[in-house]
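1. Sequence and predicted structure below; questions after.
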Amino acid sequence: MPGNIIFKTIMGNQESQPEALSLVQSALSGEKEAIESFLEANPEKINIQDPQGNHMLGAACCAGHIHIVELLLEKGADKELKNDIG
């Protein structure tokens, strides 16, 4: 399952950028309310990335959380953003 690959990658270094790690995990887990709440307070951080370059849109896509993908795209997430693997 592709989401598991990203999950293992982001969990490797939890000391770096805990905010980004938490948000990527929320996207992987389908926690739409947590992401909405964060974006209301921090709309400029929609493309926040963890140390490996993982981001909410990529995580939501890999995990199949269409409702989060749609939310992030509506809010202006960068569709061309890549992580360290590509």
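-> Yes, it's here.
2. who touches the residue positioned nearest the centre of the chain in this structure?
-> By Cα atoms, centre = their mean, the chain has its centre lying nearest to residue 56, at 1.5 Å. For residue 56, the contacting residues are 23-24, 26-27, 35, 46, 48, 68, 72, 77, by Cβ atoms under 8 Å, 6 or more residues apart in numbering. C-betas here are computed from N, CA, C, even on glycine.
3. one more time with 10 Å
-> Residue 56 sits next to 20, 23-28, 35, 38-39, 45-50, 65, 68-69, 71-72, 75, 77, 81 when contact means Cβ atoms under 10 Å, 6 or more residues apart in numbering.
4. if you skip the residues just before and after it, what's nearest to it?
-> Spatially, and ignoring its direct neighbours in sequence, residue 56 is nearest to residue 27 (4.2 Å; Cβ to Cβ, 6 or more residues apart in numbering).
5. C-terminal to the biggest helix by length in the chain, what's the next element?
-> As assigned by DSSP state H, the longest helix anywhere in the chain is helix 18-29. Of the helices and strands lying after helix 18-29 in sequence (DSSP states H and E), the nearest is helix 32-41.
6. could you dump that next one to CSV, C-alpha only?
-> Extracted in CSV, the C-alpha atoms of helix 32-41 (Å, rounded to 0.1, in the frame of the first residue of the first chain):
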residue,chain,number,x,y,z
LYS,A,32,-10.0,16.5,7.7
GLU,A,33,-11.1,18.6,10.7
ALA,A,34,-7.5,18.9,12.0
ILE,A,35,-6.3,20.0,8.6
GLU,A,36,-9.2,22.5,8.1
SER,A,37,-8.5,24.0,11.6
PHE,A,38,-4.8,24.3,10.8
LEU,A,39,-5.4,25.9,7.4
GLU,A,40,-7.9,28.4,8.9
ALA,A,41,-5.2,29.7,11.2
